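Asks: sequence first, predicted model second:
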Amino acid sequence: MGYFGLSNIISSNYVASSLNVLFFYLTWTTLIMSLPPLHIELVGSFAIRVIFYWIPTLLFTAFDNIMPQLSSDLRIRHGTLPSGRDQFWIGINGLTNQLIATAIQGLIQFAYAKLLMYKTPVFDIGTTLPMPWTLLTEVLLIFTVREILMYTLHRFVLHNPRRWRTLSRLHSIHHRHSKSPMFALRAQYAHPIDYFLLQFLPIYLPAYFRRVHLLTFFLALAIYSLESALIYSGYDVFWGLLGGTVRRIDRHHSPGGEKMDFGIWGIIDWVTGTAGGRSRPEKEGGAIDVNKEVSREVEKEKSKWKNKLKQ
């Protein structure tokens with residue numbers, strides 16, 4: 001009986017999954033048959049930004065303003081957030097940047113299809129859906145290239161005022177309110193040129209050159225949008241890689257943190273020695289420097305023995 005019961009459950013789940021895939025396939029096919037590819041890409045991209053960035057960001061913002069004391073207790077850094085007026089204009093700036101990014105996507109599609117005389121869109125918009133393994137590998141590739149590009153531009157261009165004074169000055173807008181705790185609205189707060197270089201280009205460029213399926217790009221954009229809202233929230237409630245990323249973002253945007261933690265994942269920072277985990281006390285979100293702690297204990301023991309010998 002147990003076997004047949006398990007078989008029924010597995011069969012029902014398989015049938016349900018198959019029906020969901022079939023329904024999605026029919027919906028997607030109907031969509032691409034009834035709308036131009038440009039409309040699907042632009043409307044879909046902006047809808048993903050709204051669902052995966054703006055909804056969680058606005059929920060975090062409402063929580064911060066409705067329950068400020070509880071919100072402060074959950075943060076890595078305590079302190080007062082900017083006024084409601086400032087938060088409003090920070091949000092408007094982020095929305096403007098996203099609208100500009102969507103418009104740039106449209107210009108790229110127009111130039112590719114009309115000016116360069118290609119008959120196919122930049123991304124693969126076909127009825128054949130990408131296989132799960134292809135979807136996973138291409139999204140992982142996009143984010144790996146994103147990390148490399150972001151680290152390089154962030155460290156060597158946007159934080160290099162000697163050689164790139166204008167771009168460094170524009171990037172400083174993203175570092176305003178550094179004395180206040182992190183909050184999710186700051187994720188998209190930047191000068192439009194800085195936003196294009198640091199947030200649009202690293203995620204769009206690898207997808208463009210790979211000419212991935214549009215659904216693959218949508219998935220990468222959804223992950224990126226949700227990631228932005230979470231890692232800029234400043235909440236010290238996440239664990240694992242996500243929790244470490246929240247602390248890295250907080251360190252980089254703290255006063256004096258402009259010379260550390262240039263990436264998102266932190267792997268390149270760790271390899272190149274720009275990780276800032278040991279630059280702050282543990283109670284402020286930094287990591288424990290084991291060697292330093294051992295050295296302190298050794299020095300304490302040496303002092304005790306010296307005092308005993310003197311006596």
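Replies: Perfect, thanks for sending it. Numbering: from 1, shown residues only.
Asks: hey, where'd the helices end up in the stretch 51-200 of the chain?
Replies: Assigned by DSSP state H, counting those that start in this stretch, the helices in the stretch 51-200 of the chain fall at 55-66, 68-73, 84-110, 132-153, 165-171, 192-195.
Asks: what mean pLDDT does the fourth one get?
Replies: This points to helix 132-153. Mean per-residue pLDDT for helix 132-153: 95.
Asks: buried residues of it, list them for me.
Replies: 135, 138-139, 141-143, 145-147, 149-151, 153 (16 or more other Cβ atoms under 10 Å). C-beta coordinates here come from the backbone N, C-alpha and C atoms, glycine included.
Asks: for it, packing partners?
Replies: helix 201-210, helix 214-231, helix 267-272 (3 or more Cβ pairs under 8 Å, 6 or more residues apart in numbering; DSSP states H and E).
Asks: relative orientation of it and helix 214-231 in degrees?
Replies: With axes from the mean of the first three to the mean of the last three Cα atoms, to 10 degrees defining the directions, helix 132-153 sits at 50 degrees from helix 214-231.
Asks: re earlier: highest mean neighbour count out of the helices and strands packed on helix 132-153?
Replies: helix 214-231 (a mean of 21; mean count of other Cβ atoms under 10 Å).
Asks: how far away from the center of its chain is it?
Replies: 8 Å (Cα atoms, centre = their mean, to the nearest Å).
Asks: next secondary structure after it?
Replies: Under the assignment DSSP states H and E, the closest C-terminal helix or strand after helix 214-231 is helix 240-252.
Asks: how far does that following helix sit from its chain's centre?
Replies: That offset, for helix 240-252, works out to 11 Å (Cα atoms, centre = their mean).
Asks: run the angle between that helix and helix 214-231 for me.
Replies: 60 degrees.
Asks: pipe the helices and strands packed on helix 132-153 into CSV and attach distance to residue 176 per row.
Replies: What follows is those, written out as CSV (distance: least, Cβ to Cβ, whole Å):
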stretch, distance to residue 176
helix 201-210, 22
helix 214-231, 17
helix 267-272, 23
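Asks: in TSV, list these along with mean pLDDT and distance to residue 186.
Replies: Shown next, in TSV, are the helices and strands packed on helix 132-153 (pLDDT from 0 to 100; distance: least, Cβ to Cβ, whole Å):
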stretch	mean pLDDT	distance to residue 186
helix 201-210	93	18
helix 214-231	95	10
helix 267-272	91	20
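Asks: from residue 274, how far out is the nearest residue to residue 257 once chain neighbours are set aside?
Replies: Leaving aside its chain neighbours, residue 257 sits nearest to residue 251 (4.9 Å; criterion: Cβ to Cβ, 6 or more residues apart in numbering). Noted for residue 251: a distance of 11 Å to residue 274, by Cβ to Cβ, to the nearest Å.
Asks: please enumerate the shared neighbours of the two.
Replies: Residues touching both residue 251 and residue 274 (Cβ atoms under 8 Å, 6 or more residues apart in numbering) are 260-261.
Asks: can you count the residues close to residue 191?
Replies: Residue 191 has 18 neighbours, counted by other Cβ atoms under 10 Å.
Asks: wait, it touches residue 171, no?
Replies: Yes: contact criterion Cβ atoms under 8 Å: residue 191 and residue 171 qualify, at 7.4 Å.
Asks: pretty sure residue 266 contacts residue 245?
Replies: Yes: Residue 266 is within contact range of residue 245, at 6.8 Å (criterion: Cβ under 8 Å).
Asks: just to revisit the earlier point, the helices of the stretch 51-200 of the chain: lowest mean pLDDT?
Replies: Comparing the helices of the stretch 51-200 of the chain on mean pLDDT, the least confident stretch is helix 68-73, scoring a mean of 90.
Asks: and for that helix, what are the contacting residues?
Replies: The contact list for helix 68-73 (Cβ under 8 Å, 6+ apart) reads 63-64, 78-79, 81, 181.
Asks: for ChimeraX, what selects the buried ones among those residues?
Replies: In ChimeraX, a selection of the buried entries from those looks like this (16+ other Cβ under 10 Å):
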select :63,64,81,181
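Asks: okay, the contacts of helix 68-73 in JSON lines with distance to residue 122 next?
Replies: Below are the contacts of helix 68-73 laid out as JSON lines (distance: Cβ to Cβ, whole Å):
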{"residue": "63", "distance to residue 122": "38"}
{"residue": "64", "distance to residue 122": "38"}
{"residue": "78", "distance to residue 122": "45"}
{"residue": "79", "distance to residue 122": "44"}
{"residue": "81", "distance to residue 122": "39"}
{"residue": "181", "distance to residue 122": "39"}
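Asks: check the contact between residue 138 and residue 130; I expect there is one.
Replies: Yes: the pair residue 138 / residue 130 is scored as a contact, 7.4 Å apart, by Cβ under 8 Å.
Asks: anything in contact with each of those two?
Replies: Listed as contacting both residue 138 and residue 130 by Cβ under 8 Å, 6+ apart are 212, 216.
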